[in-house]
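Chemist: kindly return the folded structure for what I paste below:
(chains A and B)
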Amino acid sequence: MSQEAIRKVIEGILSEMGISDVAVHLDQPNNPSHGDLATNVALTLASAVGKSPRTIAEEIASHIKVGEFGIQAVEVAGPGFLNFKLSTDQVVTVLMDIIVEQDGYGRSDDGKGRKFMVEFVSANPTGPLHLGHGRQGALGDAIAGLLEWNGWSVGREYYYNDAGAQIDRLGESVWARYQQYLGEEIDLPEGGYQGEYVIKIAEKFAAEYGDRFKGDNSQKPLDLMKRTAIRIIRDEQDKDLSDFRIDFDVYFLESSLYENGQVESTVEALKKAGHVYDKDDAVWLRTTEFGDQKDRVMIKRDGSPTYFLPDVAYHIDKWNRGFYQVVNVQGADHHGTIARVQAGLQALGLPEGYPDYVLHQMVRVERDGKDVKLSKRSGSYITLRELMTEVGVDVTRYFFQMRKPEGHLVFDLDLALDQSDKNPVYKIQYAHVRMCSIFRKAGIERDNLIAENVDLSVLDTKAERELIKQLSHFPELIRRAARLRAPHIMCDYLEETAGAVNSWYHAGNPNRNPELAVLVSDSDLRNARLVLARAIQIVLYNGLSILGIVAPERMFRDSDTAVHSTNR
RNA sequence: GCGCCCGUAGCUCAGCCGGAUAGAGCAACGGACUUCUAAUCCGUAGGUCGCAGGUUCGAAUCCUGCCGGGCGCGCCA
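Modeler: Purely as a prediction, here's the structure:
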């Protein structure tokens, strides 16, 4: 790339000026009038050198040889920026890269194949998945995709909290519903689960076991109902997730940590590490030594562990499996647990800050500007299943991804159901479809398109030049989005790119400006624009695939249902 | 009270590894187009970047303090 070469040139000039060891930072200005590349070295050097920024910039500029490294012009602007304009020849070279690399364009090897775990969703099997889980699923899957594109070997993992008090409460709820079903006057337990799915589970249980456990409040039916409920709910959650196009590599059961003694051995290890003490008949861990706000109970008065103990055991297990990089995606309401889990792990010698977390805020659904809340399915919250059935998987995923995780999300149902370009998902998909349709119309197999022998320098309209530069930003963008664990950066990029693409496409409407159409009669121009169209298609395809969203070949309007045909 | 997050255009939000006139979408307003590549296109207007200090040649961006909103502060997860 010429960028690296130009950086070296500037560094060379600086050292001739007696200034060395300066990191020259070149960036690509958003404002086209600031050229194709710009640097602020002169400003950063001014006070150290004792000259005005503009003087330094002028001096550097005077040593730049126009014509080399694709530099077409250099100028000093504003307070002392150096702006470079590159030749069209130079700018269009990226198109060759894109066409050659195809679905590899944008990948990096930063991770060098090392292991990276993304743990997400991790819902308790106590009820249907809600929108928080949906947001988590969409975010986690996209973060995993971003990391994969940066060369990490990513494991997607789901932790089922299938042990503990919440699950006991579920069993008791089913038990109560079962008794009610058999005509007994029994109330739901305190803190029990209200949703109608609990009734369904009780009915299924009754269908299988009849009235054998009527009035029987011994441990045996309770355990049986608990296991049955977990099985049914897990099946349903798994179905929801696979329909949401999320596949996990590992489903990790909390109960397995008890069964194979890892909880026990973690207790022993913590005791051995010397950060454990007894107080009020409970066993405490001195998490304050590692920055927590107060010490935490790890074994309750009744002898059972608090949730955070298996959590620590689980993360030890992750570490021992070679996942030295872990990011957990969870709701912000759990943020209070982070310090204590990390503290527990540090007590056992794991590094500070392990694991990393992405916390997301809650989702609010609006229709006509008003909150939508009710769901009879779950008893209170809207389920993921309900939302994705109504608006489609692509739209649901995108909407969950398009805002930064730490912000609240307003899910606008009216916009989600709109099938025009107003809806960012469709806007991006249409842009992709339009590129595909050009090749259909031209009768060209786009996968076979090659850019050799095509004179790309004819792509010199302002719109084309900016579009090409936009495509060239893609690899760096993936890096940035992965580093910040921020899928919304990709969403913004794709929407912006799609806007430029649609505008470029529409400008060539044969009714107005046939000379701007891709399929113009001038064959040199046509061939070059086909290369651009193909490059656009590749970038949109790659971007969407990272987000787990379909890049359709063609789209149809179906007026009867809101669910888009490409989601099937 | 303590901790974390958020506060940018009428609305929903980017930008926040400090930089050159603060961006996008929707809504609003004004044009264009009449099926051609149109489940349109082009353009206009709209902001004390919550407030007040500080650091800096330069602050939406960094620091401090307030104000407003969310979440957490269980021997629940």
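
Chemist: quick one: the closest residue in space to A:Tyr354 that isn't next to it in sequence and A:Ser15, what's the gap?
Modeler: Excluding the flanking residues, the one nearest A:Tyr354 by CB to CB, 6 or more residues apart in numbering is A:Leu345, at 5.8 Å. Placement of C-beta: from N, CA and C, glycine included. Per CB to CB, to the nearest Å, A:Leu345 is found 47 Å from A:Ser15.

Chemist: assign A:Pro79 to helix, strand or coil.
Modeler: Assigned by DSSP: H, G, I helix; E, B strand; the rest coil, the conformation of A:Pro79 is coil.

Chemist: which residues touch it?
Modeler: For A:Pro79, the contacting residues are A:Leu43, A:Pro53, A:Arg54, by CB atoms under 8 Å, 6 or more residues apart in numbering.

Chemist: out of those, list just those in strands.
Modeler: If you go by DSSP state E, these have nothing in strands.

Chemist: hang on, A:Val297 in a strand?
Modeler: Yes: counting by three-state DSSP, A:Val297 falls inside a strand.

Chemist: could you list everything it pairs with in the sheet?
Modeler: A:Trp284 (DSSP bridges).

Chemist: now do it: how many residues are near it, please.
Modeler: 16 (other CB atoms under 10 Å).

Chemist: my read: it touches A:Thr306, true?
Modeler: Yes: between A:Val297 and A:Thr306 there is a contact under CB atoms under 8 Å: 5.5 Å.

Chemist: that older thread, nearest to RNA strand B among the contacts of A:Pro79?
Modeler: A:Leu43 (3.4 Å; CB to the nearest atom of the strand).

Chemist: now the end-to-end length of stretch A:417-427.
Modeler: 13 Å (CA to CA, to the nearest Å).

Chemist: could I get the pLDDT score of the residue in the stretch 451-568 of chain A positioned nearest to RNA strand B?
Modeler: Here the stretch 451-568 of chain A gets closest to RNA strand B at one residue, A:Gly508, 2.1 Å apart by CB to the nearest atom of the strand. Here, the pLDDT recorded for A:Gly508 equals 86.

Chemist: what sits against it?
Modeler: A:Pro514, A:Glu515, A:Leu516, A:Ala517, A:Val518, A:Val520.

Chemist: please name the nearest non-neighbouring residue to the last one.
Modeler: Of all residues not flanking A:Val520 in the chain, A:Arg526 sits nearest, at 5.2 Å (CB to CB, 6+ apart).

Chemist: confirm for me that A:His275 is in contact with A:Gly349.
Modeler: No: using CB under 8 Å, A:His275 makes no contact with A:Gly349, being 11.4 Å away.

Chemist: from A:Glu75, how far off is A:Asp216?
Modeler: A:Asp216 is 87 Å from A:Glu75, by CB to CB.

Chemist: and the closest residue to A:Ser472 other than its chain neighbours, how many neighbours?
Modeler: Excluding the flanking residues, the one nearest A:Ser472 by CB to CB, 6+ apart is A:Val94, at 4.2 Å. Number of residues near A:Val94 (other CB under 10 Å) recorded here: 20.

Chemist: quick check, pLDDT for A:Val94.
Modeler: Confidence score, pLDDT, at A:Val94: 94.

Chemist: buried residues of the one helix or strand it maps to, list them for me.
Modeler: Assigning secondary structure by DSSP states H and E places A:Val94 in helix A:88-101. Residues of helix A:88-101 classed as buried: A:Thr88, A:Gln90, A:Val91, A:Val92, A:Thr93, A:Val94, A:Leu95, A:Met96, A:Asp97, A:Ile98, A:Ile99 (neighbour count, 16 or more other CB atoms under 10 Å).
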